[in-house]
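Student: Following is a predicted model, sequence given first.
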Amino acid sequence: MRPRLALALGWLALLVLAGVWAGQRLQLSGDLRAFMPEPRTPEQRLLIDELGDGPGARLLLLALSGAEAPELARQSQALGEALRRDPRLDLVANGDEGDAALAAIPERLLPYRYLLSPTLDTRALDAAFLRDELDARLQDLGSPAASLVEPLLPADPTLETLVLAEAWEPAAAPQRLHGVWFDRTGREALLLLRSGAAGFDPAAQAGVVGAIRAAFDEVAGDSGSALTMTGPGAFSVEIGSRTAGEAARIGAIGSLGLVLLFWFAYRSGRLLLLGVLPLATAALAGVAAVALLFGSMHGITLAFGFTLIGVAQDYPVHLFSHLREGRSPVAVARAIWPTLLTGVASTCIAYLTFFVAGVDGLRQLAVFTVAGLLAAAASTRFLLPRLLEPDRGDVAATPWLRRLAARVDALPRPRA
């Protein structure tokens, strides 16, 4: 009894230590670039980088609907003012007059204004040209546009920034109603946001999305209006929440199925507890292996990997189903090991093909699955039999648990 108890406690302690270590080292990722082919050319690397960290990946598009146009315009202006105070957002645009300050042009592009502008493709930046431009600026300063022009003059006397802004103006911009952007039907007020965090950074984007929803709830009040949000950041948050929900649901269904299997097949709560140990070992070994080799794991890899290593629950079932009265569990494990090992090896070989797929997310999935299955098989072969009673093929139990097991065994057993 004592050696088995010591082994069980040592096994559990090892699982706890592995879980703590992996939890501290591993970072979950929602970057969908992990499931894209590895870039091989400079153009492909640029494309992959821009998909995650480029301006387009940081954009969030918002639509307010469900109320009259004047009320939606008021909410758009109030929401824009609230979100502009959030340091996590680099840009908040909704078509109001505040957007005319050219704040939407990225700061890092301004030093290249003369290279980007077509003006100097046909003109020379000589004294005559500069004199004409400065005379024109004197007239601008006396016009209603003086407040817009004046901040640009020290670094941009020829107003190439305005030339670029006009060139980049979209041909089909949203219409303005009540001072803000609306869709073509006039039923939805539109806002455009750009976050400072990468589009597929789920933790940062979750904070941004949460702040947007909180600000909208405060602005909307009981008006009945609704917020619709889209963009890579919103997709990242949605993927994360769906992955967590589906993993929890699948895990609950799988756990219930495992309990029912052991109840009807073995009528033993002890075997159920022991049968979970190899499965837990597989999960923690897979997570630890990914943390050691990659440092991070995609949420899809984690959810799908747990589904794949579910086959590890078959290994203790094979052992328990071959137990017989008067036969040592260690001898049973030794006898079924060649067959069990063949199944484990063939499964691992199949999943190893993911490792050469050229996709980082699939490599993580291969490491997670193979490490988990090997750990589950090894623990079933060398650890689990030593926790079973040599004479009955069952674990030692306290008297009250033995009495409970006897009552359960006395229940009628359906022939099916």
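Tutor: Right, received. Where do you want to start?

Student: And for residue 59, the neighbour number?
Tutor: Using other C-beta atoms under 10 Å, residue 59 has 18 neighbouring residues. Bear in mind the C-beta positions are built from the backbone N, C-alpha and C, glycine included.

Student: brain fart, residue 32
Tutor: For residue 32, the tally of surrounding residues (other C-beta under 10 Å) stands at 18.

Student: can you tell me which residues contact it?
Tutor: 200, 236, 239 (C-beta atoms under 8 Å, 6 or more residues apart in numbering).

Student: Looking at those residues, which is nearest residue 260?
Tutor: When the contacts of residue 32 are ranked by distance to residue 260 (C-beta to C-beta), residue 239 comes first, at 31.4 Å.

Student: Help me confirm that the closest one is found in a helix?
Tutor: Yes - with the criterion set as DSSP: H, G, I helix; E, B strand; the rest coil, the secondary structure at residue 239 is a helix.

Student: before we move on, the earlier item: quick one: which of the contacts of residue 32 is nearest to residue 264?
Tutor: Distance from residue 264 was checked for each of those by C-beta to C-beta. The minimum falls on residue 239, at 37.1 Å.

Student: Tell me how many other residues surround the closest one.
Tutor: Residue 239, neighbours per other C-beta under 10 Å, totals 17.

Student: May I see the contacts of residue 32 arranged in CSV, with pLDDT and distance to residue 152 as well?
Tutor: Conversion of these to CSV gives the following (pLDDT from 0 to 100; distance: C-beta to C-beta, whole Å):
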residue, pLDDT, distance to residue 152
200, 74, 35
236, 82, 36
239, 81, 42
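
Student: Can I get those in TSV including distance to residue 80?
Tutor: Written out in TSV, the entries for those read as follows (distance: C-beta to C-beta, whole Å):
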residue	distance to residue 80
200	25
236	23
239	27
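
Student: three-state assignment of the closest residue to residue 322 other than its chain neighbours?
Tutor: Leaving aside its sequence neighbours, residue 322 sits nearest to residue 332 (C-beta to C-beta, 6 or more residues apart in numbering; 5.0 Å). Following three-state DSSP, we place residue 332 in the helix state.

Student: Isn't residue 332 up against residue 323?
Tutor: Yes - contact status for residue 332 versus residue 323: in contact at 5.9 Å, counting by C-beta atoms under 8 Å.

Student: Domain ranges for this protein, per the record?
Tutor: 57-236, 267-409 (the TED database).

Student: tell me the most buried of the ones you listed?
Tutor: Compared across the domains of the chain, domain 267-409 shows the largest average neighbour count, a mean of 18 (mean count of other C-beta atoms under 10 Å).

Student: Quick one: end-to-end distance for that one.
Tutor: Domain 267-409 has an end-to-end distance of 6 Å (C-alpha to C-alpha, to the nearest Å).

Student: Could you do stretch 387-406 as well?
Tutor: Criterion C-alpha to C-alpha; first-to-last residue distance in stretch 387-406 is 20 Å.

Student: What's the mean pLDDT across that stretch?
Tutor: Summarised as a single mean, pLDDT over stretch 387-406 is 63.

Student: does the residue in the chain sticking out farthest from the centre count as helix, strand or coil?
Tutor: For the chain, the C-alpha lying farthest from the average C-alpha position belongs to residue 128; by C-alpha atoms, centre = their mean, that distance is 57.5 Å. Three-state assignment for residue 128 (three-state DSSP): helix.

Student: ok, it to residue 158 distance?
Tutor: Counting by C-beta to C-beta, to the nearest Å, the separation of residue 128 from residue 158 is 13 Å.

Student: which stretches of this structure form strands?
Tutor: Assigned by DSSP state E, the chain shows strands spanning 27-29, 59-65, 89-93, 175-177, 180-182, 189-195, 226-230, 296-298.

Student: From what I see, residue 360 and residue 34 are in contact.
Tutor: Yes - when contacts are counted by C-beta under 8 Å, residue 360 is listed as touching residue 34 (4.7 Å).

Student: Indicate which one of the domains of the chain is closest to residue 23.
Tutor: Evaluated over these, closeness to residue 23 peaks at domain 267-409, with 8.4 Å, by C-beta to C-beta.
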